[in-house]
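Participant: Need a 3D model of the sequence below.
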Amino acid sequence: MTNQPNTHSVSRRRFLKGAGGAALSLPWLESFTGHCLAGSGGKALAPAKRLAFFYLPNGITRRGFFPGEGDRPLPKFAGQNNVWRFEGKTVPVGNHPLTFTPTLAPLHKIRDKVSLITGLDRIFQHGTDSHAQCASCFLTSVAPFKVKNSAYPLSRTLDHIAADSIGRATPYSTLELSCNDHKNNIESIYFDNMSWYNTGHVAPSMRNARKVYDRLFGTRSNTRFRNITDLALGNARRLQRRLSTSDRRKFDEYLESIRTIEKRMDRIDSMKSKLAAASIKRPAEHLPRNEYIHLMGDLLVTSLQIGITNVGSLMVGPERWTTPTNWEGILDKPHSHHAMTHAPQNHLEDLLKLDRFHVSAYARLLKRMDGIEEAGGTTLLDNTIFTLGAGMGDGTTHQYNDLPLVVAGGGGGTLKLGQHVHCKTGTPLSNLWLTQLRCLGIDRKSYADSTGTITGVLA
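Facilitator: Okay, here's the model as predicted:
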């Protein structure tokens, strides 16, 4: 995440101000539309377009994710640099009705707002670990050895290129979050970061939910106050009297979303103090894994909602990292996700549970975004391009082709959704990234190793 807020004026936003200069940015409210129209020469201001990513580490179990692969044999472990393709029933190139496999089933309730994209390949540069390239090069995909003095095909990542255009008027141009709360840094930064300012210059992700909250919603003057919303309570009451009935409901929902996050923070603090006082060995994790991932996702969505940023990413875990993780609420005992992918014959059910949970966490965020109203009868999801994906097509084969990808949100009406788009074998992942840049209104002839756009995803 950028270290300094941008200084550009945010004329389309209103703020609640309280004691000590504390401020809360507000979501879009129709009651301010007249003010915005007057300031824009009478022309309606379209909602901002946003871009977000939900990254899955260590690939996925293909038979649960991909349509037509439910009966594929479980592959045996293979080292890095593999290109492996299923030779059974395959999906023809083109656009097809969306099929919900067991892993994709959580997306069914929001099926009209998502598309499955298959057949895309990620670039690989020989000489470095496949897992490290999965994360660090997922959003860049520079052709092999085109970047001088780098062991990775890594340049400025897609999120920062997009933010150069759509992130200039927000307090933070980009937001990078990660659900890796391991304290043992046994891997290099390339395994644990997907966002890069440029070659060799990482945009480090934030992992501690409390610190993320304080950074985004706190102020220098409010550290002695427990509840940030209390700082602006008086101003909020005055503002509510000026709002329409529908705006009051949205305003209440917005404040409640902030309070909900604060309540979760209270539960985290409560658990920490209880564990510290107990005469037992402290568990490896103090927060249930499922709640941790949900909370970080909520922080991302709220940041997009209120205009703290228009571009964000969430890694639900690091690549490789062999330290066992407590998967409370998901699995019955600690496991290393990476280690399980090397022996799917022994861990198939647990791997499928993890994959389904990750997709359900993504679906949960999509549903929430689709309930947040914006101008013109649209929702936050309608104005966002939110991609779920992995930089590895299978955690067992370590293949970097035929990646699992789901694109959600309308991109401001630029995307065609509710379909399965299967691309021609060998189509670069960067073709999807170039397509998304253009949907955001960013005019580029090419991106990384792209060969064109994916017209099948366009409205």
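Participant: Spell out the residue ranges of the strands in the stretch 251-400 of the chain.
Facilitator: 311-315, 384-389 (DSSP state E, counting those that start in this stretch).
Participant: What is the neighbour count of the nearest residue to residue 369 once chain neighbours are set aside?
Facilitator: Leaving aside its chain neighbours, residue 369 sits nearest to residue 381 (3.9 Å; criterion: CB to CB, 6 or more residues apart in numbering). Backbone N, C-alpha and C define where each C-beta goes, glycine included. Neighbour count for residue 381, taken as other CB atoms under 10 Å: 27.
Participant: Return the residues in contact with residue 381.
Facilitator: Neighbouring residues of residue 381 by CB atoms under 8 Å, 6 or more residues apart in numbering: 113, 366, 369, 370, 372, 408, 409, 410.
Participant: got the residues you listed as JSON lines, with neighbour count, pLDDT and distance to residue 51 columns?
Facilitator: As requested, these are exported to JSON lines (neighbours: other CB atoms under 10 Å; pLDDT from 0 to 100; distance: CB to CB, whole Å):
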{"residue": "113", "neighbour count": "23", "pLDDT": "98", "distance to residue 51": "16"}
{"residue": "366", "neighbour count": "25", "pLDDT": "99", "distance to residue 51": "15"}
{"residue": "369", "neighbour count": "25", "pLDDT": "96", "distance to residue 51": "13"}
{"residue": "370", "neighbour count": "19", "pLDDT": "98", "distance to residue 51": "17"}
{"residue": "372", "neighbour count": "24", "pLDDT": "92", "distance to residue 51": "16"}
{"residue": "408", "neighbour count": "26", "pLDDT": "99", "distance to residue 51": "12"}
{"residue": "409", "neighbour count": "28", "pLDDT": "98", "distance to residue 51": "9"}
{"residue": "410", "neighbour count": "20", "pLDDT": "95", "distance to residue 51": "12"}
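Participant: Looking at the residues you listed, which is nearest residue 304?
Facilitator: Ranked by distance to residue 304 (CB to CB), those are led by residue 369 at 7.6 Å.
Participant: wait, isn't that closest one in contact with residue 384?
Facilitator: Yes: counting by CB atoms under 8 Å, residue 369 sits close enough to residue 384 to count as a contact (6.5 Å).
Participant: between the two, what contacts are shared?
Facilitator: 304, 409.
Participant: returning to that earlier point: of the strands of the stretch 251-400 of the chain, which approaches residue 120 most closely?
Facilitator: Among the strands of the stretch 251-400 of the chain, strand 384-389 sits nearest to residue 120 (CB to CB), with 8.9 Å.
Participant: hmm, back to that, what is the nearest of the contacts of residue 381 to residue 239?
Facilitator: Once CB to CB is applied, the member of the contacts of residue 381 that ends up nearest residue 239 is residue 372, at 18.7 Å.
Participant: Next, find the distance separating that closest one from residue 190.
Facilitator: Residue 372 is 35 Å from residue 190, where distance means CB to CB, to the nearest Å.
Participant: Do a quick rundown of the helices in the stretch 51-200 of the chain.
Facilitator: 62-65, 130-136, 158-166 (DSSP state H, counting those that start in this stretch).
Participant: Can you tell me which of those is nearest to residue 310?
Facilitator: helix 158-166 (4.9 Å).
Participant: For that closest one, which outside residues touch it?
Facilitator: By CB under 8 Å, 6+ apart, helix 158-166 touches 48-51, 53, 139-140, 173-174, 176, 195-197, 203, 310-313, 433, 436-437, 440-442, 447.
Participant: which ones among those residues are found in strands?
Facilitator: Assigned to strands by DSSP state E, the following of the contacts of helix 158-166 qualify: 50, 51, 53, 176, 196, 197, 311, 312, 313.
Participant: are any of those residues buried, and which?
Facilitator: Taking 16 or more other CB atoms under 10 Å as the criterion, what is buried in these is 50, 51, 53, 176, 196, 311, 312, 313.
Participant: Can you report how many residues lie near residue 426?
Facilitator: 11.
Participant: how long is stretch 376-389 end to end?
Facilitator: Here the two ends of stretch 376-389 are set 30 Å apart, with distance taken as CA to CA, to the nearest Å.
Participant: I'd like the average pLDDT over it.
Facilitator: For stretch 376-389, mean pLDDT rounds to 97.
Participant: Give the buried residues for that stretch.
Facilitator: 378, 379, 380, 381, 382, 383, 384, 385, 386, 387, 388, 389.
Participant: I'd like the buried ones among the ones in strands among the contacts of helix 158-166 as CSV, with distance to residue 125 and pLDDT appended.
Facilitator: Formatted as CSV, those follow (distance: CB to CB, whole Å; pLDDT from 0 to 100):
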residue, distance to residue 125, pLDDT
50, 31, 98
51, 25, 99
53, 21, 99
176, 23, 98
196, 15, 91
311, 26, 98
312, 27, 98
313, 22, 99
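Participant: between the strands of the stretch 251-400 of the chain, which one is nearest to residue 362?
Facilitator: Nearest to residue 362, of the strands of the stretch 251-400 of the chain and by CB to CB, is strand 384-389 at 4.8 Å.
Participant: Alpha carbons only: can I get the next helix or strand after that closest one in CSV?
Facilitator: Where DSSP states H and E defines the elements, the next helix or strand beyond strand 384-389 is strand 405-408. In CSV, the C-alpha atoms belonging to strand 405-408 read as follows (Å, rounded to 0.1, in the frame of the first residue of the first chain):
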residue,chain,number,x,y,z
LEU,A,405,-10.0,-17.6,-13.0
VAL,A,406,-13.4,-16.1,-12.1
VAL,A,407,-14.2,-12.5,-13.1
ALA,A,408,-17.0,-10.7,-11.3
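Participant: how distant is strand 405-408 from the center of its chain?
Facilitator: 11 Å (CA atoms, centre = their mean, to the nearest Å).
Participant: Just checking: what are the partner strands of it?
Facilitator: Strand 405-408 has its sheet partners listed here by DSSP bridges as strand 114-121 (antiparallel), strand 384-389 (antiparallel).
Participant: residue ranges of the helices in the stretch 351-459 of the chain, please?
Facilitator: 429-439.
Participant: quick one on the thing from earlier: what's the closest of the strands paired with strand 405-408 to residue 252?
Facilitator: Of the strands paired with strand 405-408, nearest to residue 252 by CB to CB is strand 384-389, at 22.8 Å.
Participant: So what touches stretch 448-457?
Facilitator: Applying CB under 8 Å, 6+ apart, the external contacts of stretch 448-457 come out as 94-95, 115, 117, 123, 140-143, 155, 407, 415-416, 419, 421, 423, 427-428, 430-435, 438.
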